[in-house]
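> Okay, structure incoming, though there's no sequence with it:
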Ligand code: PSU
Ligand code: MN
């Protein structure tokens with residue numbers, strides 16, 4: 001009889017770590033395929049996995065290759081995702097058609113969080129979440145990341161939401177949806193490329209063990225299976241110059257509008273525009289933020305494993 005593969009298929013290393021209750025960190029692949037320029041993206045994908053290992057945890061990069069969802073990619077599959085050609089961007093709702101048609105695609109925060117939680121992973125590190133776009137009133141463009149995180153029990157370490165978005169509106173939506181947000185070493189919600197978005201956060205922690213304690217309290221409470229966002233700012237010294245950020249972002253939004261770019265293409269377009277218009281400075285700030293989140297994610301996964 002034909003048997004379907006498990007969803008997601010776990011790498012040997014991830015399976016063993018889960019069996020032994022060792023720390024594992026889920027990593028998304030959209031940032032690799034659609035968020036970063038080639039060929040740097042492949043090097044970054046490999047570097048992020050190495051960072052997780054250096055902190056004593058196992059990386060589980062998540063993607064769909066030839067209609068099979070994986071948690072933990074081997075070298076050839078990571079290369080496929082970084083190669084770009086024919087690699088789709090898969091949100092949560094795209095997983096079923098991708099699996100059914102044998103497609104290859106990178107998973108966004110929504111699809112990654114879904115597959116990670118399904119595999120029993122509890123900690124996920126990324127750059128910045130999707131959220132409410134600035135022209136929401138006209139376009140109704142709100143990333144599927146938010147609604148999925150409202151019903152998925154996972155801890156997401158991020159540098160806030162991408163600053164191309166309407167940050168106050170996104171924070172409002174997270175509140176409405178009941179998604180917990182805690183600042184890590186900060187009383188300000190981070191601004192992705194910037195250390196601060198200027199918006200406050202209601203809760204602040206300073207150690208991975210404190211995050212693990214919040215996770216345990218979520219489980220003890222029961223109730224809706226919502227996520228926990230750990231908002232971890234990029235170091236001040238590595239942030240993008242705020243004036244340059246504001247100026248270039250205004251140009252990017254104008255250009256996006258003028259070209260009539262909509263839907264899934266909006267986020268990759270804006271990120272790419274910023275990289276070009278800042279001469280690569282936004283890329284460095286983005287990478288610094290992601291590296292910090294991945295390292296912190298590994299430490300949180302360690303603290304969580306120690307409680308189990
Ligand atoms: N963070 C980054 N770069 C990215 C993304 C996040 O540093 O490219 C991706 C994430 O995968 C996120 C997606 O889920 O952008 C949001 O896309 P959209 O706005 O179309 O939902
Ligand atoms: Mn969108």
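Alright, I've got the coordinates. Given the structure is predicted, the values throughout are model-derived calculations rather than measurements. Residues are numbered from 1 along each chain as shown. Ligands and ions are numbered 1, 2, ... in the order given.
> Name the residues of the stretch 101-250 of the chain found near ligand 1, please.
108, 109, 126, 127, 128, 130, 143, 144, 145 (C-beta under 6 Å from any ligand atom). From N, CA and C alone the C-beta is placed, and that goes for glycine too.
> at 8 Å instead, please
Within the stretch 101-250 of the chain, the positions adjacent to ligand 1 are 106-110, 112, 126-131, 133, 141, 143-145, 158-159, 162, 165, 192 by C-beta under 8 Å from any ligand atom.
> and the lowest-mean-pLDDT helix or strand in the chain, which residues are buried?
In the chain, no helix or strand scores lower on mean pLDDT, DSSP states H and E than helix 136-139, which sits at a mean of 92. Going by neighbour count (16 or more other C-beta atoms under 10 Å), the buried part of helix 136-139 is residue 136.
> show me the contacts for residue 155.
Counting by C-beta atoms under 8 Å, 6 or more residues apart in numbering, residue 155 touches 122, 123, 124, 211, 215, 227, 228, 229, 230, 300, 304.
> Determine which two of these are furthest apart.
Pairwise distances across the contacts of residue 155 (C-beta to C-beta) peak at 15.4 Å, for the pair 229 and 304.
> Could you pull out the buried residues of stretch 54-69?
Buried residues in stretch 54-69 (16+ other C-beta under 10 Å): 55, 57, 58, 59, 60, 61, 62, 63, 64, 65, 68, 69.
> Show the average pLDDT along it.
The average pLDDT for stretch 54-69 rounds to 98.
> Check the separation of the first and last residues in that stretch.
26 Å (C-alpha to C-alpha, to the nearest Å).
> With stretch 215-234 instead?
23 Å.
> what's the first-to-last distance across stretch 26-45?
One end of stretch 26-45 to the other measures 12 Å (C-alpha to C-alpha).
> What residues of it count as buried?
26-36, 40-42, 44-45.
> Of the residues you listed, which pair is most distant in space?
Longest distance between any two of those is 21.9 Å, between 26 and 40; criterion C-beta to C-beta.
> If you count contacts, what does the longest helix seen in the chain end up packed against?
Secondary structure assigned by DSSP state H gives helix 281-307 as the longest helix of the chain. Under the contact criterion of 3 or more C-beta pairs under 8 Å, 6 or more residues apart in numbering; DSSP states H and E, helix 281-307 touches strand 24-27, helix 40-54, strand 123-125, strand 155-158, helix 208-221, helix 242-258, helix 266-277.
> From the chain's centroid, how far away is stretch 278-287?
From the chain centre to the centre of stretch 278-287 is a distance of 17 Å (C-alpha atoms, centre = their mean, to the nearest Å).
> By proximity to ligand 1, which residue of the stretch 51-200 of the chain wins?
Relative to ligand 1, the nearest point of the stretch 51-200 of the chain is residue 127 (2.4 Å; C-beta to the nearest ligand atom).
> Disregarding residues adjacent in the polypeptide, which is nearest to that residue?
residue 290 (4.4 Å; C-beta to C-beta, 6 or more residues apart in numbering).
> residue contacts, the one you found?
By C-beta under 8 Å, 6+ apart, the residues touching residue 290 are 31, 44, 48, 125, 126, 127, 159.
> what's the closest of these to residue 92?
Out of these, the member with the shortest distance to residue 92 (by C-beta to C-beta) is residue 126, at 14.5 Å.
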